[in-house]
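Student: Here is a sequence with its predicted model. Questions after.
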Amino acid sequence: MERTRWYKNAVFYQIWPRSFKDGNGDGMGDLYGVLEKLDYIKSLGADGIWFSPLYPSPGVDCGYDISDYMDIAEEYGGMEAFCKVLDEAHARGMKVIMDLVVNHTSDAHPWFQMSRQRIEPYTDYYIWRPAGKNGKEPNNWDSMFEGKAWAWDEVRQEYYLHLFAVRQPDLNMDNPLVREEVKKILKFWLDLGVDGFREDVITFISKKEGLPDDHLMPASKGIRFYNHGPHIHEYLQEFRRDVFSKYDCMTLAEAPLVSPKRALEYIAWDTPDLPEGSDIDMMIQFQCMCADCLFTDFMPMPFSLRRMKKAYSSWQTKLYGKAWNMLYLENHDHPRIISRYGSEAFRKESGKMLAAMYLFQQGTPFIYQGQEIGMTNWYPTEVSQYEDIQTLNQHADWPEAKRLQLYHRASRDSARTPVQWSAERYAGFSEQEPWFHVNENYKEINVVEEEADPDSILQFYRKAIRLRKKLKVVADGTFREYDRASSKLYVYERKNKDQRLLVVCSFAEKEVCWKAPAWYDLKKGRLLLSNYGGMRLDKQGALLRPYETAVLLFQAD
Ligand code: GLC
Ligand code: CA
């Protein structure tokens, strides 16, 4: 089937189901809640929804530990509620993509239960090894979440590999039977009508033969032996050939540690080395999330605008004409963006500026639940209030106060508090006490409030999305950056043969002046979007107030 690449014109909304909206009053988000809010999602201008995992799961990693790939968890409403959501989303012209998590399963998955007992054909579904020297782990790889990457299994009397939690054993993708299972899962959902997949840490699925010790990396040992591993393209090509090529669907790969150059090996449209065409359609890269940390949020550094600009801009220029970007500021794995790259003191201004900063770049934007109303980080008073397995294992030996300080800054639980729908009890998320804490600021920051305020972050998102859809230059224009060395301003221009679109963003808390190049007559621009209701220009250029943003349209010369 032809790949129409419909996603190029789409804006996606990500739902992390536990905390989106509780529809049946048990304190847990669910698909009944999603049904209630489909019109709201549509009203943002969204054309698609990405669901974080909805499958049955013990919940060790909030659903990223799956025990049944072909069902929907009862607590979310089961298959019936899902089919209803799928129909209703389609009826509103919205696509639906699922999260595909096949680097690992839950240890509760029947495959693992049978594998540990060596019941055929499941014996080699996972990565089992006998103990190394002196009963030690088979190699020195680290787990992302819990100590070393190996756990001893009493039943099988062998170690199994887990790159994430102990209860998330890695599948053995080198086993053709496992790849057949993956294809079955893909077909199952595509035949049901879903429109594609976000593929969880998919670049990790092929591990280097022999699983060698890693003597180079100080942390995340082993990652260079399984990220972009030896058979990765072969396996992705197989999935494409046997499944995806038969549907007009979209695939989005989560890819830690990927540069634009490496990404093109997977997503470039014109890929002579890949017989089935590009492996996947788009990539979730992490570089744009590393302007205030090193590799992970738990290794914080001061925010550097130049690092941020370099990340966004290089993906814009290096993919231009060759592949398509996925654009994002938030998801369920990172703290809230205003608290990171913006300012809580200038929440409204910086929330809007950040929206404009990414929404006018080329690519398919994703908005994470709550981002559109400018939700901010959560500041609990005790470590025990955190829920996330990744967070709780970070520096568990540190004193409480020090841990809290780091977690406030870095924990993805900040993005997992219930969506703030109103100023009512439990933020209108549920009538019951929710499964997780509500951010205390819900009385000021909530959807009802922002619907009523014409000047809210929510309304700004709607406006910006309407504009990006209207302006062809956002879809096809080239990308050029001004004042790259500035540590206060991010200014870029999109240009096609008819139009020039200028996007000016200040990341400063004080007033700054942007001196436009001499030939750039700002007065000739039509101001399409502003977070201050107008721009201040003088002979010098544009005088920008704290976190000011302006989007200006010029006719091409
Ligand atoms: C991905 C998911 C994250 C999860 C991890 C393990 O990074 O986005 O939430 O914890 O994979 O599945
Ligand atoms: Ca519920």
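Tutor: Nice, thanks for sending it over. Ligands and ions are numbered 1, 2, ... in the order given.
Student: So which other helices or strands are in contact with the helix or strand containing residue 317?
Tutor: Assessed by DSSP states H and E, residue 317 sits inside helix 305-319. Where contact means 3 or more C-beta pairs under 8 Å, 6 or more residues apart in numbering; DSSP states H and E, helix 305-319 is packed against helix 260-267, strand 478-482, strand 489-495. No exception for glycine: its C-beta is placed from N, CA and C like everyone else's.
Student: Are whatever helix or strand comes next after that helix and ligand 1 in contact anywhere?
Tutor: Sequence order places strand 326-327 as the next helix or strand after helix 305-319, per DSSP H and E. No: applying C-beta under 6 Å from any ligand atom, one finds strand 326-327 separated from ligand 1 by no less than 13.6 Å.
Student: same deal with stretch 52-65?
Tutor: Yes: residues of stretch 52-65 contacting ligand 1 under C-beta under 6 Å from any ligand atom: 61, 64.
Student: Distance across that stretch, terminal residue to terminal residue?
Tutor: 12 Å (C-alpha to C-alpha, to the nearest Å).
Student: What parts of the protein come near ligand 2?
Tutor: By C-beta under 5 Å from the ion, the residues of the chain that approach ligand 2 are 22, 24, 26, 28, 30.
Student: among these, which ones are buried?
Tutor: 22, 24, 28, 30 (16 or more other C-beta atoms under 10 Å).
Student: Find the residue closest to the third one in space, skipping its chain neighbours.
Tutor: When the adjacent residues along the chain are set aside, residue 28 lies closest to residue 435, with 4.9 Å between them (C-beta to C-beta, 6 or more residues apart in numbering).
Student: hmm, back to that, switch the buried ones among the residues of the chain next to ligand 2 over to TSV; also include secondary structure and pLDDT.
Tutor: Shown next, in TSV, are those (DSSP: H, G, I helix; E, B strand; the rest coil; pLDDT from 0 to 100):
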residue	secondary structure	pLDDT
22	coil	98
24	coil	98
28	coil	98
30	coil	98
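Student: what about the nearest residue to residue 507 once chain neighbours are set aside, neighbour count?
Tutor: The shortest distance from residue 507 to any non-neighbouring residue, by C-beta to C-beta, 6+ apart, is to residue 305 (4.9 Å). Residues near residue 305, counting by other C-beta atoms under 10 Å, number 19.
Student: next one: residue 521
Tutor: Around residue 521 there are 10 residues (other C-beta under 10 Å).
Student: Return the set of buried residues in the worst-scoring helix or strand of the chain on mean pLDDT.
Tutor: When each helix and strand of the chain is scored by mean pLDDT, DSSP states H and E, strand 536-538 comes last, with a mean of 92. By 16+ other C-beta under 10 Å, the buried positions in strand 536-538 come out as residue 537.
Student: what about the helix or strand that it is followed by, average pLDDT?
Tutor: Sequence-wise, the next helix or strand downstream of strand 536-538 (DSSP H and E) is strand 541-544. Mean pLDDT, computed over strand 541-544, is 95.
Student: Sheet-wise, list the partners of strand 541-544 with their directions.
Tutor: strand 512-514 (antiparallel), strand 536-538 (antiparallel) (DSSP bridges).
Student: Can you name the residues in contact with the first one?
Tutor: Residues outside strand 512-514 that contact it (C-beta atoms under 8 Å, 6 or more residues apart in numbering) are 483, 488, 489, 491, 504, 506, 540, 541, 542, 543, 544.
Student: Grab the nearest non-local neighbour of the closest residue to ligand 2 within the stretch 1-150 of the chain.
Tutor: Using C-beta to the ion, the single residue of the stretch 1-150 of the chain nearest to ligand 2 is residue 30, 3.8 Å away. Among residues not flanking residue 30 along the chain, residue 76 sits closest, at 4.7 Å (C-beta to C-beta, 6+ apart).
Student: Enumerate every residue touching that neighbour.
Tutor: 17, 29, 30, 31, 54, 82.
Student: Among the residues you listed, name the ones in strands.
Tutor: Using DSSP state E to define strands, no part of the contacts of residue 76 is located there.
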